[in-house]
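# just coords:
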């Protein structure tokens, strides 16, 4: 890069500074007639002649770093960290030290490696110094340099001090021993451990001082380094060494990769036991099975959750949606938030979108105005609720804590994540569920809102509608957590509703029965054989195994071929018990046994399509149009 291009880039430096910092910067430049060191070409304006360097001594540097008044606060700078910059100087992090005399002042400039980001481009500190060594002003293009001093300025000054020390200690007949200075490093290279010099900066300083005190002629030829021959340790010696190291209690890295001691380094969360993730139930052999065969496989699937599992999962998922475990353990389980939908869907014709959302919750990340509003205000609502509880003065040591995902030990297909758990010394714990409705954010909760889930009872008191999904959500949270009461909080910008809801055991039993049914006939087939997410047509029986007579007349179930009785359903068996016909005229099976479909009663819909046909695009659209009407 030529000097003109460098100058054009550096000219803009002072223009990039904030007004206050720029004013102080220009004030410092008045010491040298307003000349900006960054606007001078390093190669042509500055010289590497050591005689141009001012006689800076250690007291000069200490006085400047510690006792110079700050131009911003008038207090002493007290840059104690700057005194540690000797380490950088001794380690060779300072290079290209140059100087120029402007008027009666010496301007020093150099390059210094970053303290932390050693791969970044070196920084460019400068200082204005009197010939007698008194430091008047400094600057650096790092962030800390804007505050007057930094470790990079200090490292440069310490390096100048040592250069001057060598220069002024030589006699007329001697050449300055600048070779004794630590070699400058342009960058820090990666090295093997055996090639790294671990000598501390303090030791390097002592060595440097001794070398200056000794006669230069005796020190020009360094002594040959003696390498001690160390025999390779035996297996028993290594074993004893590791045993003694372990006895110290130190968490040494070498012990973490030694089989005998490595278990002690396993993170706590990995030591905990967790239930099987339901997403791991997938069976490769079941991916092409028809629905009937798939149900035979899922009938054998058993899932279990222990009390220890419940405790560990809840503790590990308290960050909720921010953790991978939270998504993993929700997948395939009916959570409280969708409980009402699951209870309402028809087991004979379940909502496919609902099943997909349950099995793959991580794929449905909502980021809407409503969800952002709820997340933003949930904490505020909980704080207001806690203040209200404390104001009652009826409880001792009240605590409101966030919680993670709770799994049900008795019904392992169910899970819930309450917003908080309320506890005190005098009462049982309670679930807390918070709602911050976006559409009603500016409304009063006075019972006048249309189609709202808070309804006035016969006395005019607002209560959560027992038919609303939120009521099912709260009851599921109580059932899963085994608690007896919940607080339902609704907060808007102008009002707040607080309601205590007691556990409804009868509804909980109904929830358990209905959700378990959907879990067995819809969720498990997706988890095990991806029945709903596989392509339409996969898993259908082969065409040559189906008689075309069955396609022409879905009502003639007694049609036979010779003396052989017609066979139907996924099970490929004859008519028996209650059966149902698919309304797709081109269905390849037509008739199905209730038992094979795990159906207890006829579906609610007027038309019914078998599990395979309902995945076909034309019947998805047909059902959508019916729903729309």
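Sure, I can see it. Bear in mind the structure is a predicted one, so any value in this text is a computation, not a measurement. Residues are numbered from 1 along each chain as shown.
# from residue 464, how far off is residue 504?
Counting by C-beta to C-beta, to the nearest Å, the separation of residue 504 from residue 464 is 12 Å. Every residue, glycine included, has its C-beta placed from N, CA and C.
# who has more neighbours, the two?
Between residue 504 and residue 464, counted using other C-beta atoms under 10 Å, residue 464 has the larger neighbour count: 21 against 17.
# how would you label residue 490: helix, strand or coil?
Recorded secondary structure, residue 490: strand (DSSP: H, G, I helix; E, B strand; the rest coil).
# how far away from the center of its chain is the longest helix seen in the chain?
As assigned by DSSP state H, the longest helix anywhere in the chain is helix 369-392. Put simply, helix 369-392 sits 24 Å off its chain's centre (C-alpha atoms, centre = their mean, to the nearest Å).
# any buried residues in that helix, and which?
Residues 374, 377, 378, 381, 382, 384, 385, 386, 389 are the ones in helix 369-392 that count as buried (16 or more other C-beta atoms under 10 Å).
# make TSV out of those and add pLDDT and distance to residue 432.
Listed next are these as TSV, based on pLDDT from 0 to 100; distance: C-beta to C-beta, whole Å:
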residue	pLDDT	distance to residue 432
374	87	14
377	90	14
378	91	10
381	92	9
382	92	7
384	91	12
385	91	7
386	91	9
389	88	10
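# what ranges do the strands span in the stretch 301-450 of the chain?
With strands called from DSSP state E, counting those that start in this stretch, the stretch 301-450 of the chain shows them at 334-335, 399-401, 406-407, 414-416, 420-423, 430-435.
# partners of the second one, with directions?
In the sheet containing strand 399-401, its partner strands are strand 420-423 (antiparallel), by DSSP bridges.
# now do the partner strand: everything it contacts.
When contacts are defined by C-beta atoms under 8 Å, 6 or more residues apart in numbering, strand 420-423 is touched by residues 382, 389, 398-403, 429-432, 434, 481, 487.
# again, but for stretch 336-346
334, 351, 354, 357-358, 414-417, 468-469, 471-477, 480, 510-511, 514-515, 518, 603-605.
# of the strands of the stretch 301-450 of the chain, which approaches residue 441 most closely?
strand 430-435 (11.3 Å; C-beta to C-beta).
# centre of the chain to that closest one, how far?
Worked out by C-alpha atoms, centre = their mean, strand 430-435 lies 26 Å from the chain centre.
# tell me which helix or strand comes right after it.
strand 454-456 (DSSP states H and E).
# any idea how far residue 522 is from residue 346?
10 Å.
# OK, contacts around residue 609?
Residue 609 touches 349, 582, 583, 584, 587, 619, counting by C-beta under 8 Å, 6+ apart.
# skipping its backbone neighbours, what lies nearest the second one in space?
So that's residue 582. Sequence neighbours aside, residue 610 is the residue nearest to residue 582 in space, at 4.1 Å (criterion: C-beta to C-beta, 6 or more residues apart in numbering).
# what of the third one?
If you skip the residues right next to it in sequence, residue 583 has residue 607 as its closest partner in space, 4.4 Å away by C-beta to C-beta, 6+ apart.
# surely that neighbour meets residue 582?
No: the pair residue 607 / residue 582 is not scored as a contact, 9.3 Å apart, by C-beta atoms under 8 Å.
# the two: which is more packed in?
It is residue 582, of residue 607 and residue 582, that has more neighbours when counted by other C-beta under 10 Å, with 22 against 13.
# residue 522 and residue 346 - which one has more neighbours?
residue 522 (27 against 16).
# the closest residue to residue 455 other than its chain neighbours: neighbour count?
Leaving aside its chain neighbours, residue 455 sits nearest to residue 465 (4.9 Å; criterion: C-beta to C-beta, 6+ apart). Per other C-beta under 10 Å, the neighbour tally for residue 465 reads 12.
# with residue 336 instead?
27.
# what's the pLDDT at it?
pLDDT for residue 336: 94.
# report the contact partners of residue 571.
Here residue 571 is in contact with 292, 593, 596 (criterion: C-beta under 8 Å, 6+ apart).
# now do the domain split for this structure, please.
With domains defined by automatic domain parsing, the chain comprises 3-180, 235-265, 278-513, 536-628.
# show the end-to-end separation of the longest one, please.
Read it as domain 278-513. 20 Å (C-alpha to C-alpha, to the nearest Å).
# again with the shortest one
Across domain 235-265, the terminal residues are separated by 23 Å (C-alpha to C-alpha).
# now it: how far from the chain's centre is it?
Taking mean C-alpha positions (C-alpha atoms, centre = their mean), domain 235-265 and its chain are 32 Å apart.
# ok, now the first one?
Domain 3-180 has its average C-alpha position 42 Å from the chain's average C-alpha position, going by C-alpha atoms, centre = their mean.
# before we move on, what about stretch 405-414?
Per C-alpha atoms, centre = their mean, the centroid offset for stretch 405-414 relative to its chain is 26 Å.
# contact partners of the helix or strand where residue 514 lies?
For residue 514, the host element (DSSP H and E) is helix 505-518. When contacts are defined by C-beta under 8 Å, 6+ apart, helix 505-518 is touched by residues 334, 339, 342-343, 345, 347, 350, 411, 413-414, 472, 475-476, 478-479, 598, 600.
# what pLDDT, on average, does whichever helix or strand comes after that helix get?
Sequence order places helix 524-529 as the next helix or strand after helix 505-518, per DSSP H and E. Averaging pLDDT along helix 524-529 gives 91.
# same deal with stretch 298-313?
Mean predicted lDDT for stretch 298-313 stands at 92.
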